[in-house]
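A.B. asks: Have a look; sequence and predicted model below, questions after that.
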Amino acid sequence: MQLRIEDYALIGDTQTAALVGIDGSIDWLCAPRFDSSAFFAALLGDPRNGRWRLAAKGMERATRRRYVPGALVLETEWQTETGMMRVTDFMPPSTSQPDVIRLVHGIKGRVEVEMELIVRFDYGRMVPWARRVGGDLMFISGPDAVMLRTDIQTHGEDARTVAEFAVEEGQFASFVLSWSPSYEPPHEPPHAGGALETTVEWWRGWSDRLTYKGDWQDDVRRSLMVLKALTFAPTGGMVAAPTTSLPEHLGGVRNWDYRYCWLRDAAFTLWALSIGGYSDEARAWRNWLLRAAAGDPEQLQVLYGVTGESHLIEQTLDWLPGYAGSAPVRIGNAAVDQFQLDVFGEVIDAFHLARGVGIESDQTAWALEKHLVEFVIEHWQEPDEGIWEMRGPRRQFTHSKVLAWVAVDRAVGAVEKFGLDGPVDDWRRVRQQIHDDVCANGFDRERNSFVQAYGGKELDASLLMIPLVHFLPATDPRMRGTIDAIRHELVRDGFVLRYKTDKTDDGLPPGEGAFLPCTFWLIDNLSLIGEIDEATRLFEQLLSLRNDVGLLAEEWDPEAKRQLGNFPQALTHVGLVNSAFNLDRARRTRKKALHSAY
């Protein structure tokens with residue numbers, strides 16, 4: 001049975017992550033670093049490439065599931081004709097040797113249970129050597145070893161490990177799957193029951209630190225927990241998603257590896273963490289950015305690995321069929337070699353925002369920022385590949401120019417607001433030059449709208465960023481025209497497309513879903529122009545797209561009514577947090593104005 005993307009839930013230990021299906025399967029489990037090869041499962045929904053299923057016998061889907069309140073601990077209930085059981089899945093916050101624990105609890109009556117473990121390494125290509133070590137099962141392939149420890153009797157069958165057993169009311173069974181380097185002794189596994197208590201306590205301690213008190217508080221908390229789970233704790237880097245090659249169009253080729261940290265997400269991510277009061281995480285993310293951006297600006301990349309590694313060559317895995325037949329399956333990401341001018345603005349904006357929320361800086365960091373600003377001043381007139389990493393020709397993208405303006409504007413602000421040193425008069429002159437250039441060449445008077453690229457007619461949802469980075473107010477007539485045009489041409493069933501893939505030469509066949517982060521940007525714009533009721537309606541509509549445990553992917557298919565793209569997507573959840581804050585503030589301001597009027 002092919003599960004939908006939204007049929008999965010996330011568990012993680014802030015160093016790796018797994019996706020658990022509503023059929024009781026773990027179909028994707030990363031190695032200790034998000035960018036490393038998979039533990040044992042190479043592709044969602046294809047058991048030939050590895051999976052670990054634990055379910056009530058004869059049932060294809062669980063009855064219900066939920067997260068333990070305040071914790072990234074998943075409880076899945078199975079109701080049969082003879083009884084009920086609960087499977088609790090979690091990963092204890094841990095070291096570089098992660099554990100996945102599955103705890104089976106009989107709730108009432110008697111339930112027959114089946115377990116199947118198919119271990120594969122190197123994205124399904126390698127069948128491991130399996131052997132028993134004492135009472136445990138060890139699977140080894142090259143540098144990787146996985147050990148299964150359980151009090152249930154298992155046996156091998158057709159290169160699988162299987163078991164059948166029953167639980168009655170009050171009975172427990174536990175399974176612990178642990179990774180370790182094959183050349184080192186396996187670590188001592190945690191006790192399942194004690195680890196559950198510790199994990200719930202750890203997550204609740206983290207989620208209780210939330211300082212956001214506005215509307216949609218529980219929704220903000222859930223999204224921030226997702227962001228925490230997607231953070232590689234040793235470095236502070238946050239991956240865009242824990243998966244690769246989940247398609248943006250079913251059966252299509254827009255299948256990318258998102259297990260990396262995008263500099264583009266920097267400012268929005270930092271702001272979302274700050275909204276929640278998570279200053280430690282915001283500081284760690286800022287510090288990761290400093291390390292990633294250090295060096296020659298000519299070599300600044302769009303994305304990096306979680307430890308800052310830069311060698312991310314894109315490869316296709318031809319032996320994998322792809323989710324729902326969507327091929328090729330890719331690892332690595334060729335966008336790493338693109339020139340994307342906007343990234344400089346986003347990084348400098350993040351540094352500026354960090355100062356604004358009280359994250360300390362030093363002269364070394366400011367020297368790096370000035371170096372980046374000077375690069376922008378020298379190169380802002382050049383064409384680039386743009387925010388969407390198009391694989392077509394370079395162009396003069398309007399959004400890229402706007403973010404070049406942001407880079408210089410924030411440098412001016414660093415001098416004016418924070419007393420840092422720099423040639424501020426020169427920067428003010430260039431800032432105005434870029435602003436004039438965008439307004440002259442990025443705005444189409446016939447359309448009464450900004451356009452995707454100079455000289456073109458096509459729209460682009462990235463234009464919604466113009467007010468959000470304070471290039472122009474949302475109420476400016478040019479921006480109002482742009483918002484109206486995007487609502488008319490790029491909105492499908494209320495959700496925003498990035499651009500029309502059949503109208504833009506992006507080097508790929510047309511077809512993709514609505515891009516959920518862009519829909520959150522539209523909500524922010526509607527809030528700014530005073531259409532608060534419409535913004536609220538759209539926000540609630542977006543919340544309704546979440547799956548049963550509150551998770552969102554990158555895109556939404558308005559026709560098939562299902563989630564698309566890598567999952568769960570950090571930028572989508574960042575957008576949810578930021579839009580909740582912006583919309584709550586707008587609603588409170590309106591309410592205060594109404595009260596003062598009387």
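C.D. replies: Now that the structure is in, tell me what you want to look at. Numbers count the residues shown, from 1 in each chain.
A.B. asks: burial measure for Val336, as a count.
C.D. replies: 18 (other CB atoms under 10 Å). C-beta here means a position set from N, CA and C on the backbone, and glycine is covered the same way.
A.B. asks: and stretch 473-489, average pLDDT?
C.D. replies: The average pLDDT for stretch 473-489 rounds to 98.
A.B. asks: Can I get that stretch in CSV, CA atoms only?
C.D. replies: What follows is stretch 473-489, C-alpha atoms only, in CSV (Å, rounded to 0.1, in the frame of the first residue of the first chain):
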residue,chain,number,x,y,z
PRO,A,473,5.2,49.2,2.0
ALA,A,474,2.4,46.7,1.1
THR,A,475,0.1,49.7,0.7
ASP,A,476,2.2,51.2,-2.1
PRO,A,477,0.0,51.2,-5.3
ARG,A,478,2.7,49.3,-7.1
MET,A,479,2.7,46.6,-4.5
ARG,A,480,-1.1,46.6,-4.2
GLY,A,481,-1.2,45.9,-8.0
THR,A,482,1.3,43.1,-7.5
ILE,A,483,-0.7,41.5,-4.7
ASP,A,484,-3.8,41.7,-6.8
ALA,A,485,-2.1,40.2,-9.9
ILE,A,486,-0.7,37.3,-7.9
ARG,A,487,-4.1,36.6,-6.3
HIS,A,488,-5.6,36.6,-9.8
GLU,A,489,-3.0,34.5,-11.7
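A.B. asks: So which bits of it are buried?
C.D. replies: Neighbour counts over stretch 473-489 (16 or more other CB atoms under 10 Å) mark Ala474, Arg478, Met479, Arg480, Gly481, Thr482, Ile483, Ala485, Ile486 as buried.
A.B. asks: from the residues you listed, which is closest to Gly507?
C.D. replies: Ile486 (23.0 Å; CB to CB).
A.B. asks: how near is that closest one to Pro473?
C.D. replies: To Pro473, Ile486 is 17 Å away according to CB to CB, to the nearest Å.
A.B. asks: Reformat the buried residues of stretch 473-489 into JSON lines and put distance to Tyr278 next to each item.
C.D. replies: Below are the buried residues of stretch 473-489 laid out as JSON lines (distance: CB to CB, whole Å):
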{"residue": "Ala474", "distance to Tyr278": "28"}
{"residue": "Arg478", "distance to Tyr278": "36"}
{"residue": "Met479", "distance to Tyr278": "32"}
{"residue": "Arg480", "distance to Tyr278": "35"}
{"residue": "Gly481", "distance to Tyr278": "38"}
{"residue": "Thr482", "distance to Tyr278": "33"}
{"residue": "Ile483", "distance to Tyr278": "31"}
{"residue": "Ala485", "distance to Tyr278": "37"}
{"residue": "Ile486", "distance to Tyr278": "32"}
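A.B. asks: Format the residues you listed as CSV; extra columns: secondary structure and distance to Glu531.
C.D. replies: Formatted as CSV, the buried residues of stretch 473-489 follow (DSSP: H, G, I helix; E, B strand; the rest coil; distance: CB to CB, whole Å):
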residue, secondary structure, distance to Glu531
Ala474, coil, 10
Arg478, helix, 17
Met479, helix, 13
Arg480, helix, 11
Gly481, helix, 15
Thr482, helix, 14
Ile483, helix, 9
Ala485, helix, 15
Ile486, helix, 13
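A.B. asks: which of these lies closest to Ile359?
C.D. replies: Closest approach to Ile359 among the buried residues of stretch 473-489 (CB to CB): Ala474, at 27.6 Å.
A.B. asks: Is that closest one in contact with Leu528, as I believe?
C.D. replies: Yes - applying CB atoms under 8 Å, one finds Ala474 in contact with Leu528, separated by 3.6 Å.
A.B. asks: shared neighbours of those two, which are they?
C.D. replies: Residues touching both Ala474 and Leu528 by CB atoms under 8 Å, 6 or more residues apart in numbering: Pro467.
A.B. asks: Arg110 touches Glu81, doesn't it?
C.D. replies: No - the pair Arg110 / Glu81 is not scored as a contact, 10.3 Å apart, by CB under 8 Å.
A.B. asks: Packing partners of the helix or strand hosting Ala414?
C.D. replies: Element membership for Ala414 (DSSP states H and E) is helix 398-418. In terms of contacts (3 or more CB pairs under 8 Å, 6 or more residues apart in numbering; DSSP states H and E), helix 398-418 is packed against helix 342-356, helix 363-379, helix 424-441, helix 465-468.
A.B. asks: closest one to Asp99 among the ones you listed?
C.D. replies: Asp99 lies closest to helix 342-356 among those, at 33.7 Å (CB to CB).
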